[in-house]
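*Asks:* prediction below, plus the sequence it came from.
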Amino acid sequence: MSKNCHGWAARDDSGLLSPYEFERRYCYKIPEKCPPALAAPLLCAGITVYAPMIYHKMNEPGKSIGVIGLGGLGHLAALSKTLDFIIDTATGDHPFDLYLSLLKTGGVLALVGYPGEEIKVNPLSLLMGMRTISGSAVGGTKQTQQMLEFCTENKIYPEVEVIPIQYANEALDRLQKGDVKYRFVIDIKNSLE
């Protein structure tokens, strides 16, 4: 048995897939009980939010976590100084001082979205409360494998819309129109039968 993984890859600008052998260190074993269509978004958005949560030890009992980029601001107003950690998935300009005020002493705001070229923060928002702003783009191979296993064991899966590859252009149109509830996952196997 080869120590490497076998799959398909587009190796030039044509976009055509051909068989390819990947080094094992760049491959993930999808747990048997994890539906493949639900694993795909975990390998992108899943690890993006999982990595900073683990780095900042938010997997310990009793930790409180907020998410920016999910829902509106109204429900956050009552949370002043109650959160240990906020994961910021939002893009574009948004009010960092307001969000920092929701953190307990020593709390962390972790950026995983791209807020723009610069962020504006009043230094007192950090100094008064020993708060920190952190950033994370993705996790490593080992951590990604751990995240896949954790999500499978705990049945934590994203909601997705599985589509055949023939629907890809319509999916892009829907994305541009904002007519998307969940992540699209292309079912390559059944699309090619």
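*Replies:* All right, it came through fine. Numbering: from 1, shown residues only.
*Asks:* going by C-alpha atoms from here, please, whenever you check contacts or count neighbours.
*Replies:* OK.
*Asks:* could I get the full set of strands for this protein?
*Replies:* Secondary structure of the chain (DSSP state E): strands at 5-10, 17-22, 65-68, 83-88, 103-111, 132-135, 160-164, 183-187.
*Asks:* what are the contacting residues of the longest helix seen in the chain?
*Replies:* Ranked by residue count and defined by DSSP state H, the top helix of the chain is helix 141-153. Identification of contacts with helix 141-153 by Cα atoms under 8 Å, 6 or more residues apart in numbering yields 25-31, 33-34, 39, 42-43, 46-47, 50-51, 157.
*Asks:* ok, now stretch 27-45?
*Replies:* So stretch 27-45 is contacted by 5, 138, 141, 144-145, 148-149, 152, 157-160, 162, 183, 185, 187 (Cα under 8 Å, 6+ apart).
*Asks:* separation between Val162 and Asn190?
*Replies:* 11 Å (Cα to Cα, to the nearest Å).
*Asks:* those two - which one has more neighbours?
*Replies:* Using other Cα atoms under 10 Å as the criterion, Val162 and Asn190 rank with Val162 on top: 16 against 10.
*Asks:* so who does that one touch?
*Replies:* Listed by Cα under 8 Å, 6+ apart, the contact set of Val162 reads 37, 184-187.
*Asks:* mind putting these into JSON lines with distance to Ala171 and pLDDT?
*Replies:* Compiled in JSON lines, the contacts of Val162 are given as follows (distance: Cα to Cα, whole Å; pLDDT from 0 to 100):
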{"residue": "Ala37", "distance to Ala171": "16", "pLDDT": "92"}
{"residue": "Phe184", "distance to Ala171": "7", "pLDDT": "91"}
{"residue": "Val185", "distance to Ala171": "10", "pLDDT": "92"}
{"residue": "Ile186", "distance to Ala171": "10", "pLDDT": "90"}
{"residue": "Asp187", "distance to Ala171": "13", "pLDDT": "89"}
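*Asks:* nearest to Gly178, of the residues you listed?
*Replies:* Phe184 (12.8 Å; Cα to Cα).
*Asks:* could you find the closest non-adjacent residue to that closest one?
*Replies:* Nearest in space to Phe184, with sequence neighbours left out and distances taken as Cα to Cα, 6 or more residues apart in numbering, is Glu161 at 4.9 Å.
*Asks:* surely Ala51 meets Ser134?
*Replies:* No. Between Ala51 and Ser134 there is no contact under Cα atoms under 8 Å: 11.7 Å.
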